[in-house]
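> Give me a 3D structure for the following:
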Amino acid sequence: MRWIQFSEPASGAMHHGILDDDDRVHAVRGLPWMDPERTGQVHRLADVKVEVPLIPRTFYAAGLNYVTHIRQYAAETGTQAVVPQQADIGYRAINALVAHGEDVVIPSDAQQIEYEGELVVVIGKRARNLSPDEALGCVFGYTIGNDVSERLWQKSDRTFWRAKNADTFKPMGPWVDTDFDLAKAETTVSVNGAVTTRFASSAMLFDIPTFISRMSRYLTLHPGDVIWMGTDGKSPRIVAGDVVEVAITGLGALRNRFVAE
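The predicted structure follows:
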């Protein structure tokens, strides 16, 4: 099932809904993971604005979770490739979230903008102290993220506060799918229609159950939390005017244009 958050252009009213046949959106009352009921209102997808599918309570990001990405980045920067020895999690900021179809704004003093196409895990149940075998039981569904970074800021700042979290740097969407099959999934990123990155979505250094289990030992996961699972490969530098599309088998495609501030 595909869950979408949308707004009505005339009123601006926001709703969650169920997307049927990639065309009709059935509005619901309540949050997707809380057994909502249909309101009876039905819209054509083309007649509504697709919004960020949810605003997470906590926004987690795995980072450095695909070995090829680690090695290629090290080669480009002239540094030693350091492969993580355990599933460590990081955090991102919800101010950076934008929806499918919305613009990513490149700050006027930014010099090196890159994308990272990522699988996003959406938590649907409160979870604490889960074993790896239990971990997927708290997952509601999956969506797509584009982890935009300013690489020079990432090197120079003491934290990632602007390199990873500037406004609009985290496109996410277009919807959450509860029937995703990771084993069959491939992540493909295109810039202006040309494929630049392609990798097996499942080729993670540490898989989803490993991350959830380790995280839940020390912190409580809540419904609506998201975990971005990292990326593979190397992305080209993005400039104003570029359109980046991140597609994952079974989840659709997240598309955003990059514009100058």
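> Would you agree P56 is in contact with R92?
No - with contact defined as C-beta atoms under 8 Å, P56 does not count as touching R92 (9.2 Å). Glycine gets a C-beta too; all of them are placed from N, C-alpha and C.
> Assign A46 to helix, strand or coil.
Secondary structure, DSSP: H, G, I helix; E, B strand; the rest coil: A46 is helix.
> who's in contact with the residue lying closest to it once chain neighbours are set aside?
Among residues not flanking A46 along the chain, D23 sits closest, at 7.9 Å (C-beta to C-beta, 6 or more residues apart in numbering). Contacts for D23 were tallied using C-beta atoms under 8 Å, 6 or more residues apart in numbering; they are 44-46.
> go on, G252?
G252 sits next to 144, 174-175, 177 when contact means C-beta under 8 Å, 6+ apart.
> Could you do Q86 as well?
Applying C-beta under 8 Å, 6+ apart to Q86 gives the contacts 206, 214.
> Please apply the same query to R44.
The neighbourhood of R44, defined by C-beta under 8 Å, 6+ apart, consists of 23-25.
> Which one of the residues you listed is nearest to V226?
Closest approach to V226 among the contacts of R44 (C-beta to C-beta): V25, at 21.5 Å.
> hang on, that closest one in a strand?
Yes - V25: assigned to a strand according to three-state DSSP.
> Share the number of residues neighbouring it, please.
Other residues near V25 come to 25 when the count uses other C-beta atoms under 10 Å.
> Tell me how far it lies from W228.
Separation of V25 from W228 (C-beta to C-beta, to the nearest Å): 25 Å.
> got it, and R158?
Per C-beta to C-beta, R158 is found 22 Å from W228.
> Repeat that for Y115.
Between Y115 and W228 the distance is 13 Å, computed by C-beta to C-beta.
> now do H43
H43 is 29 Å from W228, where distance means C-beta to C-beta.
> Could you report the neighbour count for the closest residue to C138 other than its chain neighbours?
Spatially, and ignoring its direct neighbours in sequence, C138 is nearest to A127 (3.9 Å; C-beta to C-beta, 6+ apart). The number of residues packed around A127, counting by other C-beta under 10 Å, is 22.
> same question, C138
For C138, the count of nearby residues is 20 (other C-beta under 10 Å).
> for it, phi and psi?
Note on C138: its backbone torsions stand at phi -100, psi 0 [degrees, to the nearest 10].
> What segments of the stretch 151-261 of the chain are helices?
151-156, 208-218 (DSSP state H, counting those that start in this stretch).
> Give me the below-cutoff pLDDT ranges for the stretch 1-150 of the chain.
For the stretch 1-150 of the chain, applying pLDDT under 70 flags the ranges 74-75.
> what about 90?
Scanning the stretch 1-150 of the chain for pLDDT under 90 picks out 9-10, 21-22, 63-64, 67-84.
> Where do the strands of it begin and end?
2-7, 14-20, 24-29, 37-44, 49-50, 59-61, 90-91, 97-98, 104-106, 113-114, 117-123, 139-146, 149-150 (DSSP state E, counting those that start in this stretch).
> For P236, which of those strands is the nearest?
Within the strands of the stretch 1-150 of the chain, the stretch nearest P236 is strand 113-114; the backing value is 7.4 Å (C-beta to C-beta).
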